[in-house]
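Colleague: using only what follows, build the 3D model:
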Amino acid sequence: MKSIERKNVIFILVEPQYPGNIGSAARALKTMGFSRLRLVNPADPNAPQARWMAHASEEILEAAEIFPDLQSALKDVHFAVATTQREREFHFPFYTPKQLAAKIADLSREHHVALVFGREQSGLTNEEISYCHAISTIPAAVSHPSLNLAQAVMVYAYELFNFEMESEKSYSWRLASQPELTALYDRLQQSLRRVGFQPMDDWDSFMMRFKRMFGRLPPEVRDVRLMHKILHAFDVYIDQLEKKAKEKDKS
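Modeller: Model prediction:
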């Protein structure tokens, strides 16, 4: 599993104009398990609207660090990403939020990483972008997307969170090996023969279709174990029927 070192991931809002957006951004971070928020020359993060929009995330507002400019907010950051509404003409590496999640997972283990968000109305200046190491834009269906500041923060926080979830899911169970699958297919055919099943064509064609169907998963070890348990129950039941039939013949 690839994990993200959350204490090394910093979300920076540059000159957020509305306290409500600051509170909503804090709430988004809390929802996705992040806590480090830096504010550059912001509106009052302790204003009633900010605290109301934070809703159970007030501790993130209270712990937020405030800086006079972006350069000072990046003082201890090793890799900073400027988020923009559109691609700029900078010769910087470009990432979508999803691509960026994998990059941050690698870097955050030993480095401080920052996601930098610009002003609600005008975004980041070219000079501010020049302080960063990469650029990221949220893909959208329209040429002029209308995500607000807090929504943009949520998209990036979610992609980071989801990267961990998908990574955990993919490593939680081992895929079945070919010998394990072959043993299952052999047992399946044996059990089907015992119950008198007869395919419409030949056994080879039938088993090939089953392998193709089962292979679409692709099957994990736990899937193979489950199938073996089902087939074992079939075999036990057939054994009981055969035993009763033999006892009946003797009598």
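
Colleague: tell me the pLDDT of the residue positioned nearest the centre of the chain.
Modeller: Taking C-alpha atoms, centre = their mean, the centroid of the chain lies closest to Asn162, which sits 1.9 Å from it. We have a pLDDT of 92 for Asn162.

Colleague: contact partners for it?
Modeller: Ala101 (C-beta atoms under 8 Å, 6 or more residues apart in numbering). The C-beta positions use only the backbone N, C-alpha and C, and glycine is treated the same way.

Colleague: ok, now with 10 Å
Modeller: Applying C-beta atoms under 10 Å, 6 or more residues apart in numbering, we find Asn162 in contact with Met32, Pro97, Lys98, Ala101.

Colleague: same question, Ile22
Modeller: By C-beta under 10 Å, 6+ apart, Ile22 lies in contact with 13, 16, 37, 39, 42-47, 49-51, 53-54, 60-61, 64, 149-150, 153.

Colleague: could you list the low-confidence segments of this structure?
Modeller: Within the chain, the ranges that satisfy pLDDT under 70 run 1, 86-90, 143-145, 167-173, 251.

Colleague: quick check: Ile104 touching Asn8?
Modeller: Yes. Using C-beta atoms under 10 Å, Ile104 makes contact with Asn8 at a distance of 8.9 Å.

Colleague: neighbour-wise, which of these two wins?
Modeller: Set side by side, Ile104 and Asn8 show more neighbours around Ile104, with 25 against 19, by other C-beta atoms under 10 Å.

Colleague: for the nearest residue to that one once chain neighbours are set aside, what are its contacts?
Modeller: Excluding the flanking residues, the one nearest Ile104 by C-beta to C-beta, 6 or more residues apart in numbering is Val113, at 5.2 Å. Val113 sits next to 4-5, 8-10, 77-81, 100, 103-107, 133, 160 when contact means C-beta under 10 Å, 6+ apart.

Colleague: any idea how far Val113 is from Val155?
Modeller: Separation of Val113 from Val155 (C-beta to C-beta, to the nearest Å): 16 Å.

Colleague: of all pairs in the contacts of Asn162, which one is the farthest apart?
Modeller: Spatial extent of the contacts of Asn162 (C-beta to C-beta) is set by the pair Met32 and Lys98 at 14.4 Å.
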